[in-house]
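Asker: Okay, predicted coordinates and the sequence, questions at the end:
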Amino acid sequence: MRKSVITIGVFLVIILFGVKFFIKKEVYDIKIVTPPSIIASLPHWVAEKQNLYEKYGLKVHTVDLTNSNLMITALQGGDADVLPAVSLVDVINQSTKVTLNPIIFSHSRMKDNPPFEALSVMRGSLISNLKDLEGKKIGVYPGITSKTAVKNFLIENNVNVSTIEFVPLPPPEHIKMMQSGNIDCSHIYEPMKTSNLEDGKTRLISSSVYAHFNNPSAVGVSVISQNCYRDNNAAATKFLQAWDEAVDYIRENDKEARGILIQKLNISKSVAMKATWVDVTKTNEFSKDLVIATINSYKKIGLIDSTFQITNEYFIDAPSR
């Protein structure tokens, strides 16, 4: 009898381990836009590097896009599920053209100082303050956000912008154009802001332009599509868990997280360690009030239609969740 009980016990253990071995972990497909080379993409890169997507059973399909309008179009058309880093202005302006708006699940908290972006000039420039920019040329990022924000920032600092020429330039061209004298000032973002300062090429003449309008600023956001969140909620939930864990990792492992920037952005260790990180929220830190305040500040300066009214359907904690 005892031998039979032992035999049965062993048999059951074998069956249990066998079942566990053959049961496959459910895998959830999710399409993530391969973020452009910007620091705000760090949570996505951390999730890849730390195998967080694999941990949460996600099979990531990357969508290679860098233009924000194309990114949002892909999201709305079902060709992408998640945009890890995109402009709030573009999200709002593009979403008014369709019925399914993106859902914002995280946002930046850009501060006045240290600035993530700022106005910079060559170290030897005679420009010492904002008023000195009158009659000069300022390099801005392509699109309406940078130009409109800088223009209104200067207006609110009593600068006559009618004498200023705003020159749209791809980020890598800013320092070259200042060195050649084709522009006098640049609205520059990280990591180029720190890289140029580190090389002794430039100096700053302002704090954050975006945080001037509301401090902190939620100008940068991360969004997930309505289709994914509604029809593939299991995958969406797993992704958001991975996102939160990635943000925690960045906060708890600053040196290691910045080390990822060296590889992804092809920058020096010194620049990676000094660059201003875009503080982004976890899903449970999300602030509707801050997003709404940022939208309202941009409505005042014409970046967002003054008649636009945001609804709960844009937020991760919308009633339909």
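Answerer: Yes, it's here.

Asker: Now do the spatially most central residue of the chain against residue 167, distance only.
Answerer: When the chain is reduced to its mean C-alpha position, the closest residue under Cα atoms, centre = their mean turns out to be residue 85, at 2.9 Å. Here the criterion is Cβ to Cβ, to the nearest Å. By it, residue 85 lies 25 Å from residue 167. Placement of C-beta: from N, CA and C, glycine included.

Asker: same deal with residue 308?
Answerer: Shown here: residue 308 relative to residue 167, a distance of 29 Å by Cβ to Cβ.

Asker: So for the two, which sits in the more crowded spot?
Answerer: In this comparison of residue 308 against residue 167, neighbours counted by other Cβ atoms under 10 Å, the higher total goes to residue 167 at 18 against 14.

Asker: so is the more buried one in a helix, a strand, or just coil?
Answerer: Each residue gets one of three states, and residue 167 gets strand by DSSP: H, G, I helix; E, B strand; the rest coil.

Asker: Settle this for me: it is touching residue 142, isn't it.
Answerer: No. Using Cβ atoms under 8 Å, residue 167 makes no contact with residue 142, being 10.3 Å away.

Asker: Pull the residues that contact the helix or strand that residue 251 is a member of.
Answerer: Taking DSSP states H and E as the definition, one finds residue 251 inside helix 233-252. Outside helix 233-252, the residues within contact range by Cβ atoms under 8 Å, 6 or more residues apart in numbering are 28-30, 42-44, 46-47, 50, 52-53, 55-58, 81-82, 105-106, 222, 224, 228-229, 256-257, 277, 280-284, 316.

Asker: residues contacting residue 71?
Answerer: With contacts taken as Cβ under 8 Å, 6+ apart, residue 71 has the following neighbours: 33, 65, 80, 83, 86.

Asker: From residue 32, how far off is it?
Answerer: 11 Å.

Asker: Report the set of residues contacting both of those two.
Answerer: Overlap of the contact sets of residue 71 and residue 32 (by Cβ under 8 Å, 6+ apart) consists of residue 80.

Asker: If you tally nearby residues, what's the number for residue 55?
Answerer: The burial metric for residue 55, expressed as a neighbour count using other Cβ under 10 Å, is 13.

Asker: Would you map the helices across this protein?
Answerer: Under the criterion DSSP state H, helices of the chain are mapped to 2-22, 42-49, 52-55, 68-76, 88-95, 144-155, 173-180, 192-198, 210-213, 226-231, 233-252, 254-265, 269-274, 288-300.
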